[in-house]
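> here you go, sequence then predicted model.
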Amino acid sequence: MQGRSSNIQVKMTGEQQDVLNSWLRKSTTPAGLAKRARAILMAIAF
């Protein structure tokens, strides 16, 4: 098996993406929240 394919699509506005990116840049963002934000942003990159 080469990998899994999925029909799941993540859609968000540019403003929502900006918020997630700002959380990643802040040094005061809790690690768990930053990790989830990063995962969401990676999901929309594909």
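Cool, the structure landed.

> worst-scoring helix or strand of this protein, pLDDT-wise?
helix 31-44 (a mean of 94; mean pLDDT, DSSP states H and E).

> let's see that one as CSV, backbone CA atoms only.
What follows is helix 31-44, C-alpha atoms only, in CSV (Å, rounded to 0.1, in the frame of the first residue of the first chain):
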residue,chain,number,x,y,z
ALA,A,31,2.2,24.2,22.4
GLY,A,32,-0.9,22.1,21.9
LEU,A,33,-2.7,24.9,20.1
ALA,A,34,0.2,25.6,17.9
LYS,A,35,0.5,22.0,17.0
ARG,A,36,-3.2,21.8,16.0
ALA,A,37,-2.9,25.1,14.0
ARG,A,38,0.1,23.7,12.1
ALA,A,39,-1.7,20.5,11.3
ILE,A,40,-4.7,22.4,9.9
LEU,A,41,-2.5,24.6,7.8
MET,A,42,-0.7,21.6,6.5
ALA,A,43,-4.0,19.9,5.6
ILE,A,44,-5.0,22.8,3.4
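
> so Leu41 versus Gly3, what's the distance?
20 Å (C-beta to C-beta, to the nearest Å). C-beta here means a position set from N, CA and C on the backbone, and glycine is covered the same way.

> what about these two, which has more around it?
Legend: neighbour count by other C-beta atoms under 10 Å for Leu41 and Gly3, higher for Leu41 (16 against 4).

> other residues contacting stretch 13-20?
37, 40-41, 44 (C-beta atoms under 8 Å, 6 or more residues apart in numbering).

> which of those has the most neighbours?
Ala37 (18 neighbours).

> OK, contacts around that one?
When contacts are counted by C-beta under 8 Å, 6+ apart, Ala37 touches 20-21, 23-24, 29.

> now, which of those lie within helices?
The helices, defined by DSSP state H, take in 20-21, 23-24 from those.

> which of these sits closest to Leu33?
Trp23 (6.2 Å; C-beta to C-beta).

> correct me if wrong: the closest one contacts Leu33.
Yes. Contact criterion C-beta atoms under 8 Å: Trp23 and Leu33 qualify, at 6.2 Å.

> neighbour count for those two, which is higher?
Trp23 (17 against 13).

> gap between that one and Gly14?
15 Å.

> right, I'll call it a day here.
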